[in-house]
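>>> mind folding the following:
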Amino acid sequence: MLQAILWLTAITLIPALELRASVPVGIFSMDDQLSWPVVFLVCVIVNIILGWIVFAVLGPIFSFIRKWRWFDHKIWPILERARHRIHPYIEKYGELGVALFIGIPLPGSGVYTGAFGAYLLGVSKKKFAVANVLGVLIAGVAVTTLSLLILYGAVGENSLLAKLFIKNVH
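Numbering: from 1, shown residues only. Below you'll find the model as predicted:
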């Protein structure tokens with residue numbers, strides 16, 4: 001059981017995979033070791049903690065990188081312009097917009113890109129913490145529901161959705 005939890009944790013920590021991959025792996029490949037509620041809890045908790053850590057380390061990382069003249073003069077102004085253009089939308093939609101971005105289980109979304117975007121947009125730690133939890137819960141529920149629908153036959157084994165989803169798991 002511990003080995004299965006560690007494996008799910010490792011998959012969840014991989015950028016671009018996160019719980020979007022670890023939940024299906026746990027449900028389809030580890031069903032003899034872990035029940036789906038345990039898979040859900042492990043993957044969601046690890047993904048939430050991952051988001052908080054990524055957001056927390058971005059400040060020190062950018063402080064360090066900005067010491068390099070080329071980054072501070074060439075790259076940082078581009079990021080600042082993007083931040084100023086998008087910031088009003090974050091003010092309008094707040095953590096809900098960030099949560100939806102994190103929660104949509106599609107490639108390119110998730111806690112890594114959500115934390116990066118939220119940091120660049122100047123979202124506070126408190127707002128990001130709430131958005132991260134909500135977004136991870138949205139993604140966790142969506143991926144777990146889809147996995148269970150496939151597992152229990154509500155979505156046919158030969159359906160396009162099942163083929164795409166299962167193909168990505170194996």
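>>> please name the residues that touch residue 131.
Neighbour list for residue 131: 94, 95, 96, 97, 98, 99, 102, 114, 118, 123 [criterion: CB atoms under 8 Å, 6 or more residues apart in numbering]. In this view, the C-beta of every residue, glycine as well, is placed from N, C-alpha and C.
>>> distance of it relative to residue 146?
Going from residue 131 to residue 146 by CB to CB, to the nearest Å gives 22 Å.
>>> just residue 42 next, same as before
With distances taken as CB to CB, residue 42 is found 18 Å from residue 146.
>>> and the residue nearest the centre of this protein?
Centroid check for the chain by CA atoms, centre = their mean gives residue 110 as the closest residue, at 2.6 Å.
>>> for the helix or strand hosting residue 40, which helices and strands make contact with it?
Element membership for residue 40 (DSSP states H and E) is helix 36-65. Here helix 36-65 touches helix 2-12, helix 18-29, helix 111-120, helix 125-151, going by 3 or more CB pairs under 8 Å, 6 or more residues apart in numbering; DSSP states H and E.
>>> let me see the mean pLDDT of the helix or strand just after it.
Where DSSP H and E defines the elements, the next helix or strand beyond helix 36-65 is helix 69-70. Helix 69-70 shows a mean pLDDT of 84.
>>> now the element after helix 69-70, going C-ward?
Going down the chain from helix 69-70, the next helix or strand is helix 76-103, by DSSP H and E.
>>> quick one: low-confidence ranges for the chain?
For the chain, the stretches with pLDDT under 70 are 82-89, 155-170.
>>> again, only using 50
With pLDDT under 50 as the threshold, the chain has low-confidence stretches at 169-170.
>>> show the buried residues in the contacts of residue 131.
Listed as buried from these are 95, 97, 98, 99, 102, 114, 118, 123; burial here means 16 or more other CB atoms under 10 Å.
>>> leaving out sequence neighbours, find the closest residue to residue 117.
Closest residue to residue 117 apart from its sequence neighbours, by CB to CB, 6 or more residues apart in numbering: residue 101 at 6.9 Å.
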